[in-house]
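J.: the following block contains a protein sequence and its predicted model.
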Amino acid sequence: MQWETVIGLEIHTQLATKSKIFSGAPTAFGAEPNTQACAIDLGLPGVLPVLNAEAVRLAVRFGSAIQAEIAPRSVFARKNYFYPDLPKGYQISQYELPVVGKGLVEIVLEDGTVKTIGVTRAHLEEDAGKSLHEEFQDFTGIDLNRAGTPLLEIVSEPDMRSPQDAVAYAKKIHQIVRYIGISDGNMQEGSFRMDANVSVRPVGQEAFGTRAEIKNVNSFRFLEKAIQFEVERQIDLIEGGGTVVQETRLYDAAKDETRSMRTKEEANDYRYFPDPDLLPLEIDAAFIKNATADLPELPDAKRARFHAEHGLSEYDANLLTGSRELADYFEVVAKESGEPKLAANWVSGELMAALNKAEKELAESPVSAPLLAGLIKRIKDGTISGKIAKQVFEAMWQGEGDADQVIESQGLKQITDSGAIETMIDEIIAANSGQVEQYRAGKEKVFGFFVGQAMKASKGKANPQQVNEILKRKLQG
Amino acid sequence: MSLDSSDVEKIAHLARLAIAPEQTERYAADLSNILDLVAQMDAVDTTDVEPMAHPLHMAQRLRADAPSEPNQRDLFQGNAPLAEAGLYLVPKVIE
């Protein structure tokens, strides 16, 4: 039987505020345990939550970025469950009336096709603390620094049909939250966590299969592998005569498998109800205008513009708009060099490869955008060939100056003096009479040999077009 | 609507309340009475009434995003039954 995979994602992104969503405790990462947990975060009797304006502003920015409706009135609710890192016994979240309604994002698949993925909603909530199970023999240690940190939970429609779709969507959300500056998206620090709802159904069937939820995935690679594993598990299970149970599963990266997390027979029953400690959140047009006035050009708009304005392929445009920093870098190179396509090739090729190899971030690149533009100008005006340019780039990367300095000091200027090239070619022809005869006897492949010799003799500096022309003429004798 | 003993046991479990077996019948009756009262209210036509999230007719006030709470860990942990290395200790919650 042919199976179709159905995936929906819930993404928790930590909002970049200085203080917590309902208290004045700081949110800095990496502080000593429990030094950033105040009476409100601890759920001590008599305390009251007060909503952080910045958290609301950041949520509104996200809503606007995915073309969603911002609820004029939304309500905070208590989600009740017991766990030691949740001191109040409930998490303040939003349930029936979330702050951000239906929106959409576009993803670009590997073959360049664009697919729209629906976002069902996004709501504000507080994070829980951290449980440390390993440190003590008979106890669990609780660090409540993270308790009360603002989160935006972004819930997608079940619109994804493959692990690749899911990764493309998750990356797109990651890209958006960083573009609009609402989250640092740092996955190592847990600022961007993904839950995947995965089910399978026979191709052609409309009703969804029973889903399993894979919790707390914190890398795109693990997301892809976890979904892959889960899909195979469910298909094997059904084809073997079993049924999928609705449950929460955890991805174990070391074993590359998902396994059941809760075996409790009772389904989660959170008994949501409106939190009487908080009044309804009202957002008016002026608030939205203020929150979104300085929104930057969004990735999709940028991608479309790069495609239209600079003539880049959808693939290149998508790649180069991956982050704001990268897109800005590219635009400086394109503008200063006047060669957008060459700029795109160099940024996505040589530059990215060098950054990856050196494990450097773009901001740390020894070759700045104006420096790279300078190099491209020299390719454009024929001072150097594309091949020599790679050598110049390498030297620039090592800090040996700008393109002109490197070309000058290493004597890499392209030889365009046809007299000099002719002399060189005459010598090559004289030294290789055997190959000349082969060529004249019709073995045209030998031509490549002569080009190779000429480039070797000139250390790659001879202008390739001129070499071709002169060789052709001379060899014909 | 009425609750039976098994509903009471489930609710008690979710709320982590210990209820003696002989009490469940009484709780079932009491809680059912409350639900009956709610059902009575539910029967009223509220078509034009906006659902109420809070009895006060006010909107949530917002706080400026500025850290204002000092570190009072020692004070708070003085109240905790067990704390070590800055962590609150609780009985192990996983095997």
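T.: Received, thanks.

J.: ok, residue A:169 - contacts?
T.: Contact criterion Cβ atoms under 8 Å, 6 or more residues apart in numbering or on different chains gives A:9, A:105, A:107, A:117, A:156, A:160 as the residues in contact with residue A:169. From N, CA and C alone the C-beta is placed, and that goes for glycine too.

J.: min pLDDT across the residues you listed, which one?
T.: Across the contacts of residue A:169, the bottom pLDDT score, 92, is held by residue A:107.

J.: didn't that one look like it was pressed against residue A:164?
T.: No. Look at residue A:107 against residue A:164 with Cβ atoms under 8 Å: they stay out of range, at 9.4 Å.

J.: those two: which has the busier surroundings?
T.: residue A:107 (23 against 15; other Cβ atoms under 10 Å in any protein chain shown).

J.: any idea how far the more buried one lies from chain B?
T.: According to Cβ to the nearest Cβ, to the nearest Å, residue A:107 stands 32 Å off from chain B.

J.: next, that residue: secondary structure please.
T.: Assigned by DSSP: H, G, I helix; E, B strand; the rest coil, the conformation of residue A:107 is strand.

J.: residues touching it, list them.
T.: A:114-115, A:117, A:165, A:168-169, A:172.

J.: distance to residue A:373 added to the contacts of residue A:169, as JSON lines?
T.: JSON lines is the format used below for the contacts of residue A:169 (distance: Cβ to Cβ, whole Å):
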{"residue": "A:9", "distance to residue A:373": "39"}
{"residue": "A:105", "distance to residue A:373": "32"}
{"residue": "A:107", "distance to residue A:373": "31"}
{"residue": "A:117", "distance to residue A:373": "36"}
{"residue": "A:156", "distance to residue A:373": "39"}
{"residue": "A:160", "distance to residue A:373": "39"}
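
J.: out of those residues, which is most surrounded?
T.: In terms of neighbours by other Cβ under 10 Å, the contacts of residue A:169 top out with residue A:9 at 28 neighbours.

J.: my guess is that one is in a strand, correct?
T.: Yes. Note on residue A:9: a strand contains this position according to three-state DSSP.

J.: how distant is the helix or strand bottoming out on mean pLDDT in chain B from the center of its chain?
T.: Every helix and strand of chain B was ranked by mean pLDDT, DSSP states H and E. The lowest is helix B:5-14, at a mean of 90. Counting by Cα atoms, centre = their mean, to the nearest Å, helix B:5-14 is centred 15 Å from the centre of its parent chain.

J.: now do the same for residue A:349: its pLDDT.
T.: The pLDDT attached to residue A:349 in the predicted structure is 93.

J.: that one: how many residues sit nearby?
T.: 12.

J.: hang on, residue B:28 in a helix?
T.: Yes. Residue B:28 sits within a helix when classified using three-state DSSP.

J.: for residue 16, grab phi and psi.
T.: Picking chain A for this. phi -80, psi 70 (degrees, to the nearest 10).

J.: could you measure from it over to residue B:80?
T.: From residue A:16 over to residue B:80 the distance is 31 Å, taken as Cβ to Cβ, to the nearest Å.

J.: ditto for residue A:472
T.: Applying Cβ to Cβ to residue A:472 and residue B:80 gives a distance of 88 Å.

J.: same check, this time on residue A:11
T.: Going from residue A:11 to residue B:80 by Cβ to Cβ gives 34 Å.

J.: number of nearby residues for residue 43?
T.: Since you didn't name a chain, this refers to chain A. Residues lying near residue A:43 (other Cβ under 10 Å) number 15.

J.: wait, chain B
T.: By other Cβ under 10 Å, 8 other residues sit near residue B:43.

J.: ok so, going back, more neighbours: which of residue A:11 and residue B:80?
T.: Neighbours of residue A:11 and residue B:80, each counted by other Cβ under 10 Å, are more numerous for residue A:11; the result is 23 against 15.

J.: excluding chain neighbours, what is closest to that one?
T.: Distances taken as Cβ to Cβ, 6 or more residues apart in numbering or on different chains place residue A:154 nearest to residue A:11, at 4.5 Å, with adjacent residues excluded.

J.: can you pull the pLDDT of the one you found?
T.: On the pLDDT scale, residue A:154 is placed at 98.

J.: go on, residue A:477?
T.: 65.

J.: also residue A:264?
T.: Residue A:264 is assigned a predicted lDDT (pLDDT) of 49.

J.: show me the residue at the heart of chain B, geometrically.
T.: Within chain B, the residue whose C-alpha comes closest to the C-alpha centroid is residue B:15; the distance, by Cα atoms, centre = their mean, is 7.5 Å.

J.: pull up the gap between residue A:345 and residue A:372, please.
T.: Relative to residue A:372, residue A:345 is positioned 11 Å away (Cβ to Cβ).
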